[in-house]
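**Student:** need a 3D model of the sequence below.
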Amino acid sequence: MKKLIAFVLCVQLSFAAMAAAWTGSIATSYAGGNGSKENPFQIATPDQLALLGDTVNTKGKTYFGKFFVLTADLDLSNLPWSPIGGISATTTAPALMFKGALDGQNFKIMNLSYTSTSGYVGLFGYAKRATFKNLEIASGSVQGGFNVGALVGRADSTVIFNCKNAAAVKGTVPQGGATWVGGIAGNIGGVGTIIEYCSNSGAINGSGEHVGGVIGNVSVTNLSTNKCHIAYCSNSGAVTTFTKKAGGIVGTVGGVYCPIDQCFNTGKVSVVQDAVGGIVGYAYGDYPISNCYNTGEVAYSGTTNPAVFTAGILGYTSSTTPQRYFKSITNCYSNGVITGGCREVIVGQLNAGAPVGYGVVTNCFGLNRQLNPENAVNGGLLQWSANFKTAGFVTSLNSDATTPIWTIDANLNGGFPIFVWQTVAVPSAPTALSAVEIAKFANVYASNKTINVELKENETVAVSVYNLTGALIAQVKSTQSLTTVAVPQAGLYIVKVSDASRSFSTKVSVR
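**Tutor:** Here you go, the predicted model:
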C-alpha cells in the first residue's frame with residue numbers, strides 16, 4: 001500500500017512539474033510583482049508571456065527599467081508566436097521594442113514556433129538597452145526574412161547572459177541579400193553589447209549573408225566609450241548559408257571594437273560561395289580574437305569558386321578595401337577538418353598593407369593531417385595530435401594569461417585543450433553588466449555659430465542649450481542623425497541631450 005501511495009505521489013508531482021500548454025490566449029495580469037528589481041513581474045504561464053508581447057506590440061510599452069522573471073517552464077505548443085517588439089506596421093510610428101530585463105531563472109521555453117518572410121523575428125523581435133539572462137529555448141522552429149534569432153532578432157545595447165538555444169533558426173531573405181541569422185540573436189548593434197555564456201545547439205540556416213551559430217552579425221557603433229565583447233560562448237549546431245559569411249560563433253563582425261574571447265565551436269559550418277570560419281566567417285575592425293578553438297568541420301560546398309576562403313578560426317578579411325583589417329588572433333587552435341576552397345588552419349586571408357600591429361596571428365595552431373593537409377602560411381603552426389594533449393601545449397596557450405584560461409580533461413573534447421570555464425559553474429552575473437550603460441549616446445561639437453549633436457542611436461532626443469548663467473537659449477526635439485542648433489554669438493554653452501531614459505550635459509565652446 002505504501003508503494004502504491006508513493007507511486008501516485010510521484011505521478012502527481014510529475015504532472016505538476018509539466019509545463020502548462022499554451023492555447024493562444026493572452027492573460028490580463030502577471031502572476032505577481034510590480035516590475036521593480038526587488039519585486040519583478042512574475043511570468044508563470046504562456047499566456048502571461050503573451051501579455052508581455054501584447055503590451056509591447058499593441059500598446060507601444062517598452063518596459064524600460066522594469067524587471068521580469070520566469071517562475072516555470074513555458075510550453076508554447078507550436079502555436080504561431082508574435083515576436084515581442086519589431087518594426088511598426090506603419091511607416092511613421094517608431095520601432096516597437098523591449099527595453100526591460102528578463103531573468104529566465106534557468107527555466108525553459110519549449111515549442112516556440114514562428115514562420116514568416118518579415119524581419120525582426122524571434123521570441124523577441126527587437127530589444128534595446130535590455131537584459132536577458134538564464135533563459136533556455138529548448139525546442140521549436142523560428143523562420144523569418146532577416147534579423148532572425150531564436151531569442152531576439154535584433155538587439156541594440158543589450159546584455160545577453162547565460163542563454164541557450166536548441167530551436168532551429170532559418171532566414172529566408174532572397175538569395176544574395178543580407179539575412180543576419182543567429183542561434184541566439186540575428187543582429188546586434190547600438191553603442192554597447194555584452195554576450196556571455198551563451199550557447200546554441202540548433203540548426204542555423206540562412207539563404208543570404210551573415211549567419212552564425214550564436215550571433216549572425218555584429219555592428220556595434222565604435223564610440224570611445226563603447227563596451228562590447230563576446231565571451232564564453234559555444235556552438236554545436238550545424239551552421240549553413242547558401243551564399244557567404246558564416247561562422248561557428250559569429251557570421252560577420254564589421255568595423256567595430258568587439259573582442260571575441262574564450263569561445264569554441266564543434267558544429268559544421270558551411271557556405272556555398274565564400275568566407276567561412278570555425279569562429280567568425282568575415283570580419284574587420286580594431287578588435288582581437290583570442291583564446292578560441294574549433295573542432296567542427298569548416299566547409300565550402302560549392303563548385304564554382306575554388307578560391308573560397310575557408311579557415312579554422314577566421315574565414316576572411318578584406319585586404320583590398322581601405323581599413324578593412326582585423327587587429328589580431330592570439331592563442332587559438334583548430335583541429336576540425338577544413339574542406340574545399342583555399343584552406344587555412346587559422347585565417348583565410350591576412351591583410352596586405354595593414355598598419356603595423358594589425359593583421360597579426362600569434363601562438364595559434366592547427367592539426368597536422370597527412371591525408372588532408374591544410375596550408376599553414378597564414379600564421380598558424382601545424383602540430384601532431386599527440387602534441388595537443390600535453391601539459392606543455394596547454395602551458396603555451398596560457399603563456400600570456402595572468403590566471404589559467406586553458407586546461408585539459410581527458411573526458412572532455414577528446415583530450416584536446418578546453419577552457420577552465422567549461423569545468424566550473426556559470427557565474428551569477430555578467431562580468432561587465434554595467435558596461436552597456438553608455439552615458440554619452442551622442443557627439444556634441446561646434447562649428448561656426450552652430451552647435452551640432454550627432455546621434456548614435458535612432459531615438460527621439462531633446463537638445464537644450466544654456467548659457468553660463470543658466471538661461472535657456474534654445475531647445476529642440478529631433479530624430480535626425482545630425483541635429484543643429486544656432487546660437488546668437490561666440491562663447492561657452494552648456495548642452496543637455498536627453499532621450500526617454502538617459503541624459504547627459506557637456507560644455508561646448510563656440511568661436
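**Student:** which non-adjacent residue is nearest Gln262?
**Tutor:** Asn291 (4.8 Å; Cβ to Cβ, 6 or more residues apart in numbering). Every C-beta, even on glycine, is put in place using the N, C-alpha and C of the backbone.
**Student:** what sits against that neighbour?
**Tutor:** Asp261, Gln262, Thr330, Asn331, Cys332, Leu397, Ala401, Ile405, Trp406, Phe419 (Cβ atoms under 8 Å, 6 or more residues apart in numbering).
**Student:** what's the closest of these to Val360?
**Tutor:** Ranked by distance to Val360 (Cβ to Cβ), these are led by Thr330 at 8.0 Å.
**Student:** give the contact list for the closest one.
**Tutor:** Residues in contact with Thr330 (Cβ under 8 Å, 6+ apart) are Pro288, Ile289, Ser290, Asn291, Val361, Thr362, Asn363, Cys364, Asp400.
**Student:** now do the contacts for the last one.
**Tutor:** With contact set as Cβ under 8 Å, 6+ apart, Asp400 has these partners: Thr330, Asn331, Asn363.
**Student:** ok, now Ala425?
**Tutor:** With contact set as Cβ under 8 Å, 6+ apart, Ala425 has no partners.
**Student:** show me where the stretch 1-150 of the chain has strands.
**Tutor:** 41-43, 67-70, 74-75, 101-110, 112-115, 119-121, 124-128, 131-137, 140-144, 146-149 (DSSP state E, counting those that start in this stretch).
**Student:** give me the buried stretch members for the first one, please.
**Tutor:** The neighbour-count check on strand 41-43 (16 or more other Cβ atoms under 10 Å) flags Phe41, Gln42, Ile43 as buried.
**Student:** tell me which of those residues is nearest to Phe67?
**Tutor:** Of all the buried residues of strand 41-43, Phe67 sits closest to Phe41, with 6.9 Å by Cβ to Cβ.
**Student:** so what does the closest residue to Asn413 other than its chain neighbours look like in phi/psi?
**Tutor:** Distance criterion Cβ to Cβ, 6+ apart; nearest residue to Asn413, sequence neighbours excluded, is Thr295 at 6.8 Å. The phi/psi pair for Thr295 (degrees, to the nearest 10) reads phi -120, psi 0.
**Student:** how many other residues sit next to Thr295?
**Tutor:** By other Cβ atoms under 10 Å, 21 other residues sit near Thr295.
**Student:** need the contact list for it.
**Tutor:** Contact analysis of Thr295 by Cβ under 8 Å, 6+ apart lists Phe264, Asn265, Thr266, Ser334, Asn335, Gly336, Asn413, Gly414, Phe416.
**Student:** what's the neighbour count on the second one?
**Tutor:** The local packing count at Asn265 equals 33, with neighbours defined by other Cβ under 10 Å.
**Student:** I figured it hits Ser234, correct?
**Tutor:** Yes. Asn265 is in contact with Ser234 according to Cβ atoms under 8 Å; the separation is 7.0 Å.
**Student:** now do the contacts for Trp406.
**Tutor:** Per Cβ under 8 Å, 6+ apart, neighbours of Trp406: Asn291, Asn331, Val394, Leu397, Asn398, Pro417, Ile418, Phe419, Val420.
**Student:** hang on, the earlier thing: lowest-confidence one in the contacts of Asn291?
**Tutor:** pLDDT across these is lowest for Ala401, at 92.
**Student:** tell me how far Val345 lies from Val394.
**Tutor:** 19 Å (Cβ to Cβ, to the nearest Å).
**Student:** who touches the residue nearest the centre of the chain in this structure?
**Tutor:** The centroid of the chain falls nearest to Ile215 when counting by Cα atoms, centre = their mean (4.4 Å). Counting by Cβ under 8 Å, 6+ apart, Ile215 makes contact with Gly149, Gly182, Ile184, Ala185, Gly186, Asn187, Ile188, Ile195, Ile230, Ile249, Val250, Gly251.
**Student:** in strands, which of those fall?
**Tutor:** Gly149, Gly182, Ala185, Gly186, Asn187, Ile188, Ile195, Ile230, Val250, Gly251 (DSSP state E).
**Student:** could you dump those into JSON lines and include neighbour count?
**Tutor:** Converted to JSON lines, the ones in strands among the contacts of Ile215 look like this (neighbours: other Cβ atoms under 10 Å):
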{"residue": "Gly149", "neighbour count": "38"}
{"residue": "Gly182", "neighbour count": "40"}
{"residue": "Ala185", "neighbour count": "34"}
{"residue": "Gly186", "neighbour count": "37"}
{"residue": "Asn187", "neighbour count": "29"}
{"residue": "Ile188", "neighbour count": "33"}
{"residue": "Ile195", "neighbour count": "30"}
{"residue": "Ile230", "neighbour count": "29"}
{"residue": "Val250", "neighbour count": "34"}
{"residue": "Gly251", "neighbour count": "40"}
